[in-house]
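In: how does the following fold in three dimensions:
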Amino acid sequence: MKSNGNISLLLADVDGTLVTQNKVITPRACEAVAELREAGIAFAITSGRPPLGMKMVIEDLKIETPIAGFNGGVFVNPDFSVLARRLIPAETAARTIEVIRAHKLVAWLYTETDWFIPDPNGPHVAREAWTVKFEAKVAEDFSPMLDRAVKIVGVSDDLEAVARCEKDLRAEVKDAASAARSQPYYLDVTHPHATKGWVVEYLSTEMKIPKEKIATIGDMPNDVLMFEKSGFSVAMGNASDEVKAKASATTKSNEEEGFAHAVEELILKGGSGGTVSE
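Out: You can find the predicted model right below:
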């Protein structure tokens, strides 16, 4: 299958986009990535996950491009050797944790290599460990890790509280950090330049691909940042109306082979935008 020549790289979010709700990459999604390569289009992934949390995805899809973990906080090669990193300033990390806890969210902290939590029985801990395939370390005091923080996450099943915390934290830290929801129940905080928009910038420079020849696909508010930097963007069918409104086109949900459908109909066939139909 041949592309229309307008796209040289597809950058995909992982959770809610590339994988199903059960964190599975379908055979059709694997075939779609193989078809991209046959058409001469590179494929890359970015996620709020730590790099090691994407190991299975990297192996299953035989990814050869730089991998952007922590929403661009760390870039690694497929062998996990570090290419670039951006840490949250320690003072900002400390204030971020204070604001998260003031909103009654649970705070998690990630360094390049470790994941720290206050309670192993806390909300979404078991699910996250199953997703990333490694266990968290328990620490009630995050102070010793503040100068090594790559990402801090506010976690709660009170989705309105997460949204309020996002708004208030952005006002509090201003340009000192980036705060955006990666899931309705996760508020991700990273270095101010460690965003999915930065991922597009980095890959454009490193791979020598103009941004207008990069396509992006995702489902959450933090994916809008890469939509804004790329030449063409696709929102998943499971995305909110807010996210869909920011994309060039919309595909089906991640439970309906939305990723593969977008590759086949919009990237390889050169769709001009709009909603992907049946």
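
In: so, low pLDDT: which residues of the stretch 1-150 of the chain?
Out: 1-5 (pLDDT under 70).

In: for it, what spans make up the helices?
Out: Secondary structure of the stretch 1-150 of the chain, counting by DSSP state H, counting those that start in this stretch: helices at 27-38, 55-61, 90-102, 125-132.

In: between these, which one is nearest to residue 82?
Out: Judged by CB to CB, the one of these that comes nearest to residue 82 is helix 55-61, at 14.7 Å. Yep, even glycine has a C-beta here, placed from its N, CA and C like the rest.

In: hey, C-alpha coordinates of the closest one in CSV?
Out: The C-alpha coordinates for helix 55-61 follow below in CSV (Å, rounded to 0.1, in the frame of the first residue of the first chain):
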residue,chain,number,x,y,z
LYS,A,55,8.9,-2.5,26.5
MET,A,56,6.2,-4.8,25.2
VAL,A,57,5.0,-2.2,22.7
ILE,A,58,8.5,-1.6,21.4
GLU,A,59,9.1,-5.3,20.9
ASP,A,60,5.8,-6.2,19.4
LEU,A,61,5.9,-3.3,16.9
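
In: how about the contacts made by the most centrally placed residue in the chain?
Out: The geometric centre of the chain, computed from its C-alpha atoms, lies nearest to residue 47 (CA atoms, centre = their mean), at 2.6 Å. Contacts were defined as CB atoms under 8 Å, 6 or more residues apart in numbering; by that measure residue 47 touches 13, 14, 15, 53, 54, 68, 69, 71.

In: so residue 161 is in which element?
Out: Secondary structure from DSSP states H and E places residue 161 in helix 159-173.

In: which SSE is immediately downstream of that helix?
Out: Using DSSP H and E, the helix or strand that follows helix 159-173 in sequence is strand 178-183.

In: residues in contact with that following strand: which ones?
Out: Under the criterion CB under 8 Å, 6+ apart, external residues in contact with strand 178-183 comprise 15-16, 48, 71, 96, 162-163, 166, 169-170, 173, 187-195, 220-222, 225.

In: partner strands of it and their direction?
Out: When pairing is defined by DSSP bridges, strand 178-183 lines up against strand 186-190 (antiparallel).

In: mind splitting the protein into its structural domains?
Out: By the record's domain assignment, the chain is partitioned as 9-85+195-275, 90-190 (automatic domain parsing).

In: just how off-centre is the first one within its chain?
Out: Average the C-alpha atoms of domain 9-85+195-275, do the same for its chain, and the two points are 8 Å apart (CA atoms, centre = their mean, to the nearest Å).

In: cool, and stretch 93-107?
Out: For stretch 93-107, the distance from its own C-alpha centre to the chain's C-alpha centre is 21 Å (CA atoms, centre = their mean).

In: now do the buried residues in that stretch.
Out: 93, 94, 95, 96, 97, 99, 100, 103, 105, 106, 107 (16 or more other CB atoms under 10 Å).

In: with stretch 50-65 instead?
Out: Residues of stretch 50-65 classed as buried under the neighbour-count rule (16+ other CB under 10 Å) are 50, 51, 52, 53, 54, 55, 57, 58, 61, 63, 65.

In: ok, and what's touching that stretch?
Out: Among residues not part of stretch 50-65, those counted as contacts by CB under 8 Å, 6+ apart are 9, 14, 18-19, 25, 30, 33, 42-45, 47, 67, 69-70, 74, 76, 78, 80, 110, 112-113, 115, 131-134, 150-151, 203, 207.

In: could you measure from residue 62 over to residue 43?
Out: Between residue 62 and residue 43 the distance, using CB to CB, to the nearest Å, works out to 9 Å.

In: and what of residue 76?
Out: Taking CB to CB, one finds residue 76 at 16 Å from residue 43.

In: do the same with residue 265
Out: Between residue 265 and residue 43 the distance, using CB to CB, works out to 17 Å.

In: what about these two, which has more around it?
Out: A direct count of neighbours by other CB atoms under 10 Å for residue 265 and residue 43 places residue 43 higher, at 21 against 17.

In: count of neighbours near residue 8?
Out: Other residues within reach of residue 8 by the criterion other CB under 10 Å amount to 19.

In: test my guess that it contacts residue 213.
Out: Yes - using CB atoms under 8 Å, residue 8 makes contact with residue 213 at a distance of 4.2 Å.

In: can you pull out the strands in the stretch 101-250 of the chain?
Out: For the stretch 101-250 of the chain, applying DSSP state E, counting those that start in this stretch gives strands covering 106-110, 115-117, 137-138, 151-155, 178-183, 186-190, 214-218, 232-235, 249-250.
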